[in-house]
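Trainee: one predicted model, sequence on top.
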Amino acid sequence: MTLASVRTPGRASGVAIKALGVVLALIGLILAGGGLWLAAIGGSPYYVLAGLGLIAAGVMLFRMRMAGVAIYAGVFVLTFIWALWEVGLDGWGLIPRLFGPAVLMALVLWAAIGLGEGREGRRAAGLTLAGFVVAALVFSGVVYAVDGPAAARPLPGPHYALRDPSPMPAGADWPAYGGAYSAQRYSPLAQITPANVTGLQRAWVFHTGDLPSHFAANTYGAEDTPLKVGDSLYVCTPKSRVIALDAGSGRELWRFDPKVADIWIPYTAACRGVAYYAVPGAAPGSACATRIIWGTLDGRLIAVDARTGLACSGFGQGGQVDIKVGMGPVTPGMVSINSAPTIVRGVVVTGHQVLDGQRRDAPSGVILGYDAVTGALKWAWDVQRPDLTGLPAPNDMFTRGTPNSWTTSTGDEQLGLVYVPMGNTAGDYWSSSRGPLEKQVSSSLVALDVATGKPAWTFQTVHMDVWDYDLGSQGTLVDYPTPAGPVPAIIVPSKQGDLYVLDRRTGRPLTPVREEPAPQGGVEPAMRSPTQPHSLFNTLRKADLTERSMWGMSPIDQMACRIQYRLASYKGFYTPPETTRRWVEYPGYNGGSDWGGIAVDPVRGVIVANYNDMPNYNRLIPRAQADRMGWAPRGQNRGGQLGEGSEGAGDPQVGDPYAIQVNAGWRMPWTKLLCKEPPYGGIRAIDLATGRTLWDRPFGTARRNGPFDIPSGLPFHIGTPNNGGAVVTAGGLVFISAATDDLMRAIDLKSGKTVWQDKLPGGGQATPMTYTAGGRQYVVIMAGGHHFMQTPVSDALVAYALPPR
């Protein structure tokens with residue numbers, strides 16, 4: 001019998017074989033049609049060729065001919081060779097190229113049994129078994145390739161003795177958002193180590209009671225890092241409520257509710273932290289001798305007694321000041337404080353978030369300094385009006401639409417400087433309307449003299465930013481080791497992935513920074529900078545995307561992503577925005593590094609940085625078209641709940657010629673998978689002295705990720721998007737949650753391997769902290785979830801400790 005001969009199998013198997021033929025032919029039609037399109041626009045010809053092969057195989061199987069088996073086997077072998085040629089042994093790259101075709105190969109070999117007779121039937125059965133074995137081996141190889149151990153270089157220390165300039169360093173306490181005002185996120189505690197961390201267990205869980213209403217259901221993001229001073233823990237909830245707990249038991253001591261209405265929630269209801277201040281010379285135990293100061297979602301700065309939670313009546317009006325005074329009209333939700341203020345030399349320095357993408361004449365991004373005792377305004381820094389040092393005249397206002405600082409600043413008590421990470425003007429994706437001073441400070445780190453509010457120096461990380469690459473990370477103060485001795489420095493992480501090391505006295509780079517040519521063109525060709533700064537110290541950014549970087553769960557959606565890639569404008573890093581077609585922004589606006597920042601072990605000399613690795617798929621929408629689509633700014637009701645869609649998904653940018661449409665992460669609309677190949681997030685250890693990477697691995701498992709937003713439950717380290725930072729301890733551990741798999745982890749700093757983990761009651765999009773109470777070291781994480789990261793919302797604060805001795 002020849003391969004082309006016909007056999008009459010049983011009725012049931014015959015129907016199944018015909019059905020398989022139809023499936024192959026339909027898949028082939030999709031691949032051939034899409035592949036022809038892809039090839040016509042300069043893409044890979046594989047898909048059209050494979051599609052034609054599948055059509056032929058399907059037709060032959062439908063006609064009950066063994067030739068269908070041979071044709072598909074040939075397609076599969078060529079697919080295997082092509083896949084290895086495109087991506088080598090890259091496990092995640094092989095999955096969409098081989099997994100689906102391998103499953104079809106097994107089904108086709110099964111069909112061969114039904115079509116074969118005698119020796120041919122036995123041969124087909126053997127081929128079927130071999131096919132399953134090959135598929136299993138391929139899958140096992142893929143699993144190892146994507147989930148194998150991370151290589152690590154030896155740690156450089158311990159041989160450092162880097163001082164912390166903070167007046168209250170971390171240790172038994174965690175007195176500031178970043179551990180101390182140096183923001184090193186380092187603790188000298190060493191009770192918990194890699195040797196005993198497997199015994200870590202929940203010591204207590206506290207529920208804040210702050211859960212979203214129906215109106216705010218799509219807005220919550222519990223990003224808080226509590227403070228610990230003395231016997232008390234201070235927690236801030238998404239709606240700006242502050243709760244004091246007993247640090248050892250988690251028992252509530254007091255709470256203060258500023259009564260923020262839901263209408264004031266911007267894109268995310270979040271409070272990242274509060275500030276602690278001890279009034280110099282105040283009698284111990286007197287009212288507000290120690291105080292908690294924080295900002296609210298409706299733009300107030302509040303001070304309460306750290307012991308009792310009662311408002312400090314001498315601070316502003318009844319314990320609060322309104323930062324919106326002098327800003328002119330403010331629509332609810334347009335101005336909010338969601339990061340902890342920074343207190344340097346008795347001055348409370350606060351920025352605020354101005355809701356992105358709404359209108360060019362949004363409220364001012366003015367930076368304000370208040371007396372920590374009286375709440376009196378000491379100075380104001382209006383970017384466009386440097387001579388204005390206080391409130392504007394009654395009929396005047398701070399310059400509208402100027403760059404704002406929505407994240408956490410860093411303070412140096414000894415130098416009297418506060419380091420302010422600046423964002424962009426109110427129109428992120430259009431630069432022609434910006435003033436000359438706005439252009440100088442957008443997406444820059446600005447060192448302000450805390451006595452006057454005047455800039456001491458400025459370091460810009462992006463020239464003429466139209467990518468929403470504002471500085472989201474808090475800078476970290478270190479003494480940078482040089483041959484001439486340690487130099488006071490600040491490490492500046494960026495959304496682009498670059499890490500800059502600057503002399504914090506002058507802003508001068510201590511490690512090489514090179515201006516490199518940047519792509520030109522777009523809708524504002526005259527505004528694009530010919531060069532952009534690149535740090536040569538270390539960058540978390542990966543190589544530019546190519547068509548081969550496209551991904552999916554099958555060849556079909558991978559092909560669709562390849563078509564999208566070819567149709568879009570992509571000139572590499574800093575591709576200029578366009579309006580006639582989509583343009584690819586990589587990295588996307590979530591980083592690189594975002595508000596979680598970095599952690600630094602100043603003894604071992606190691607930086608720990610978790611990061612995102614995802615593109616955005618964007619398009620500028622002409623004003624008339626955006627108006628027809630009903631894209632209106634906050635305050636002009638578009639219907640629905642707060643927080644619908646991702647940030648930038650349909651932002652009107654009123655006052656500029658274009659609105660902006662952002663596909664954050666570049667997700668496919670039907671499978672919900674990202675078009676870029678994993679990983680989508682990672683964590684890296686870096687030698688502080690040299691910038692050399694010690695280890696780097698994907699961060700986050702696929703437990704809660706999968707096609708169609710269905711959790712796969714798979715434990716593979718796919719590397720997920722992550723928000724929140726890490727804490728590193730003298731015990732040699734990195735504590736972090738941040739990823740979308742809802743796990744709290746302890747990572748061995750030496751190897752980068754996870755040595756302990758626990759499932760949280762909600763998403764852990766917050767930075768943990770650690771302290772001691774009653775002789776035990778605790779590690780605490782806010783597990784409140786996050787709407788943008790699509791993790792479960794909760795109100796749980798979870799504390800871990802080793803069992804009592």
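Mentor: Received it, and whenever you're ready, just let me know what you need. Here the structure is a predicted model, which is why all the values come from computation and not from measurement. Numbering: from 1, shown residues only.
Trainee: the stretch 301-450 of the chain: strands as residue ranges?
Mentor: Ranges of strands in the stretch 301-450 of the chain, per DSSP state E, counting those that start in this stretch, are 320-322, 335-336, 342-344, 347-350, 353-354, 367-371, 377-381, 410-412, 417-421, 444-449.
Trainee: as TSV, those with mean neighbour count, distance to Arg581 and mean pLDDT would be great.
Mentor: Where you see a C-beta, it was placed from the backbone N, CA and C, and this is true even at glycine. Formatted as TSV, those follow (neighbours: other Cβ atoms under 10 Å; distance: least, Cβ to Cβ, whole Å; pLDDT from 0 to 100):
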stretch	mean neighbour count	distance to Arg581	mean pLDDT
strand 320-322	20	45	98
strand 335-336	26	34	98
strand 342-344	26	43	98
strand 347-350	24	41	98
strand 353-354	27	30	97
strand 367-371	24	38	98
strand 377-381	21	40	98
strand 410-412	27	41	97
strand 417-421	27	32	98
strand 444-449	24	31	98
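Trainee: for this structure, what spans make up the helices?
Mentor: With DSSP state H as the criterion, the chain has helices at 11-40, 46-62, 67-87, 91-94, 100-115, 118-147, 436-441, 555-567, 623-628.
Trainee: can you flag the weakest of those helices by average pLDDT?
Mentor: Mean pLDDT is lowest for helix 118-147 among the helices of the chain, at a mean of 56.
Trainee: what's the closest of the helices of the chain to Ala283?
Mentor: Among the helices of the chain, helix 436-441 comes nearest to Ala283, with 42.1 Å by Cβ to Cβ.
Trainee: contacts for the closest one, please.
Mentor: Contact with helix 436-441 is made by Val383, Gln384, Pro386, Thr402, Pro403, Met422, Thr425, Ser431, Pro455, Thr458, Gln460, Met464, as judged by Cβ atoms under 8 Å, 6 or more residues apart in numbering.
Trainee: ok, back up a step: Ala283: which of the strands of the stretch 301-450 of the chain is closest?
Mentor: strand 367-371 (19.2 Å).
Trainee: neighbouring strands of that closest one in the sheet, and parallel or not?
Mentor: Its sheet considered, strand 367-371 pairs with strand 347-350 (antiparallel), strand 377-381 (antiparallel) by DSSP bridges.
Trainee: dump those to CSV, plus distance to Gly365.
Mentor: Listed next are the strands paired with strand 367-371 as CSV, based on distance: least, Cβ to Cβ, whole Å:
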stretch, distance to Gly365
strand 347-350, 12
strand 377-381, 10
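Trainee: closest to Asp651 out of those?
Mentor: strand 347-350 (24.8 Å).
Trainee: mind listing what the closest residue to Ile686 other than its chain neighbours touches?
Mentor: Take Ile686 and drop its neighbours on the chain: the residue closest to it by Cβ to Cβ, 6 or more residues apart in numbering is Ile607, 4.2 Å away. Contacts for Ile607 (Cβ under 8 Å, 6+ apart) come out as Ile491, Leu499, Asn538, Ile598, Ala599, Val600, Ala685, Ile686, Asp687, Leu688.
Trainee: and the third one, how many neighbours does it have?
Mentor: Residues lying near Asn538 (other Cβ atoms under 10 Å) number 24.
Trainee: in the sheet, who's paired with it?
Mentor: With DSSP bridges as the criterion, Asn538 is bridged to Leu499.
Trainee: swap in the fifth one?
Mentor: According to DSSP bridges, Val608 are recorded as the beta-bridge partners of Ala599.
Trainee: make sure it is actually in contact with Arg185.
Mentor: Yes - when contacts are counted by Cβ atoms under 8 Å, Ala599 is listed as touching Arg185 (3.8 Å).
Trainee: residues in contact with both of those two, list them for me.
Mentor: Thr476, Gly725, Ala726, Val727, Val728.
Trainee: which residues touch the nearest residue to the third one once chain neighbours are set aside?
Mentor: The one in question is Ala726. Once flanking residues are discounted, Ala726 sits nearest to Ile736: 4.1 Å by Cβ to Cβ, 6+ apart. With contacts defined as Cβ under 8 Å, 6+ apart, Ile736 is in contact with Asn610, Ile683, Phe699, Gly724, Gly725, Ala726, Val727, Met744, Arg745, Ile747, Pro768.
Trainee: ok, what's across the strand from the second one?
Mentor: Yep, that's Ile683 we're talking about. With DSSP bridges as the criterion, Ile683 is bridged to Asn610, Arg697.
Trainee: residue contacts, it?
Mentor: Ile683 sits next to Val608, Ala609, Asn610, Tyr611, Asp696, Arg697, Phe699, Ala726, Val734, Ile736, Ile747, Gly752 when contact means Cβ under 8 Å, 6+ apart.
Trainee: nice, that's everything, thank you.
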